[in-house]
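>>> just a sequence and a predicted model for now, questions to come.
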Amino acid sequence: MKNDKILLDHGSGGKISHSLTKDMMLPIFDNAILAALNDGAIFELEGKRFAFSTDSYTVDPIFFPGGNIGDLAINGTVNDIAMCGATPLYLSVGLIIEEGFARIDLEKIINDMGTAAKKADVTVVTGDTKVVPKGAADRIFINTSGIGLIPHSVNVASLNAKVGDRIILSGTIADHGITILTSREGLSFKSDLTSDTAPLNYMVKEMFAASNNIHVLRDPTRGGVGTALNEIAEKSQVAIKIYESTIPLKKEVAAACELLGFDPLYLANEGKLLSFVAPEDAAAVLAAMRMNPYGKDAAVIGEVIADHTGKVFMETRIGGERLLDMLAGEQLPRIC
């Protein structure tokens with residue numbers, strides 16, 4: 001409708017966000033590569049397979065426990081490329097800076113981006129900087145794009161989940177989301193909350209060394225684990241069952257979520273991945289993940305089932321069953 005407005009919910013990763021992509025973007029930019037809606041575009045060029053991804057970053061606060069908007073942007077694009085099964089190689093960086101932004105803060109962000117790129121073994125090869133009048137942006141926005149090479153033996157995509165696959169989560173959930181929420185509101189807890197922002201490309205490489213039967217990789221960022229699982233169930237036309245008792249969750253994160261009324265399954269992660277693996281290789285992949293510092297808390301949290309395709313279910317700690325639906329928009333805190 002002519003009077004429709006773009007809402008914050010359109011960028012949440014939930015149903016409203018998906019509708020914007022499917023109803024507006026896909027019909028206009030119609031092509032098979034985009035329609036796959038993977039973490040990045042997967043295409044072939046002169047006999048080689050590539051992954052290409054782009055993402056834009058705006059976060060409040062821009063500096064938070066465990067990182068800042070700069071290393072978040074590098075790690076995020078590195079991970080999106082890695083989730084396509086590719087080895088990340090080259091990145092671009094685009095900056096939109098508000099007039100009056102402190103130079104010392106910009107230097108800190110750029111230095112941390114450089115450190116993150118070296119840690120992930122990627123090279124920033126091009127970029128762009130724009131400065132806009134004060135009030136025209138919220139301090140700084142960053143876009144990063146990247147390209148990587150996919151080995152011919154690798155074939156991962158959100159539509160590749162198969163009945164019987166084991167679902168492995170690389171570590172504790174909701175660390176980033178709850179850290180940002182509490183930092184933004186100036187809340188403090190006895191235990192320090194820290195973002196999990198990290199590059200996962202080396203762990204992914206080690207996983208593929210352990211098995212060629214990895215069918216899906218996904219980093220559950222916006223919308224968290226609950227949203228990512230729903231997307232995979234829909235695209236693969238399977239059902240998913242997970243077990244609450246097996247999901248890694250730090251006590252301090254669980255306590256903060258309980259206090260504030262948030263479900264950790266729908267909070268963002270920036271250094272975790274979900275892997276769907278053939279059952280005969282699940283143990284080997286899990287062992288490989290646990291050998292990496294970013295996968296030391298990895299656990300098998302569920303499996304792919306045939307009944308009720310497109311749905312995600314969770315067996316609760318008390319033995320009940322809960323339907324995990326995709327949220328419409330941003331998760332709202334419990335009010336009673």
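In hand now; what should we look at? Numbers count the residues shown, from 1 in each chain.
>>> just the strands in the stretch 101-250 of the chain please.
Secondary structure of the stretch 101-250 of the chain by DSSP state E, counting those that start in this stretch: the strands cover 123-132, 140-150, 166-169, 214-218, 239-243.
>>> the longest one pairs with which strands, and in what direction?
So that's strand 140-150. Here strand 140-150 is paired, per DSSP bridges, with strand 48-57 (antiparallel), strand 87-98 (antiparallel).
>>> now swap in the shortest one and tell me
Paired strands of strand 166-169, with direction, are strand 274-277 (antiparallel), strand 299-305 (antiparallel) (DSSP bridges).
>>> check the average confidence over the longest one, would you?
Averaged across strand 299-305, pLDDT comes to 98.
>>> how big is the angle separating that strand from strand 239-243?
Here the directions of strand 299-305 and strand 239-243 differ by 150 degrees (axes from the mean of the first three to the mean of the last three CA atoms, to 10 degrees).
>>> tell me how far strand 299-305 lies from the chain's centre.
Relative to its parent chain, strand 299-305 has a centroid offset of 18 Å by CA atoms, centre = their mean, to the nearest Å.
>>> what are the ranges of the helices in the stretch 101-250 of the chain?
103-120, 175-185, 201-210, 224-236 (DSSP state H, counting those that start in this stretch).
>>> for residue 280, find the nearest of those helices.
Closest approach to residue 280 among these is made by helix 201-210 (12.0 Å; CB to CB). The C-beta positions use only the backbone N, C-alpha and C, and glycine is treated the same way.
>>> contact partners for the spatially most central residue of the chain?
In the chain, the C-alpha nearest the mean C-alpha coordinate belongs to residue 221, at 2.8 Å (CA atoms, centre = their mean). Under the criterion of CB atoms under 8 Å, 6 or more residues apart in numbering, the neighbours of residue 221 are 13, 76, 268-270.
>>> list the ones among those residues that fall in helices.
residue 76 (DSSP state H).
>>> for residue 158, state which of the contacts of residue 221 is nearest.
residue 13 (13.8 Å).
>>> wait, doesn't the closest one sit right on residue 220?
No: the criterion here is CB atoms under 8 Å, and residue 13 misses it with residue 220 at 9.5 Å.
>>> could you dump the strands paired with strand 166-169 to a markdown table with distance to residue 18?
Formatted as a markdown table, those follow (distance: least, CB to CB, whole Å):
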| stretch | distance to residue 18 |
| --- | --- |
| strand 274-277 | 18 |
| strand 299-305 | 21 |
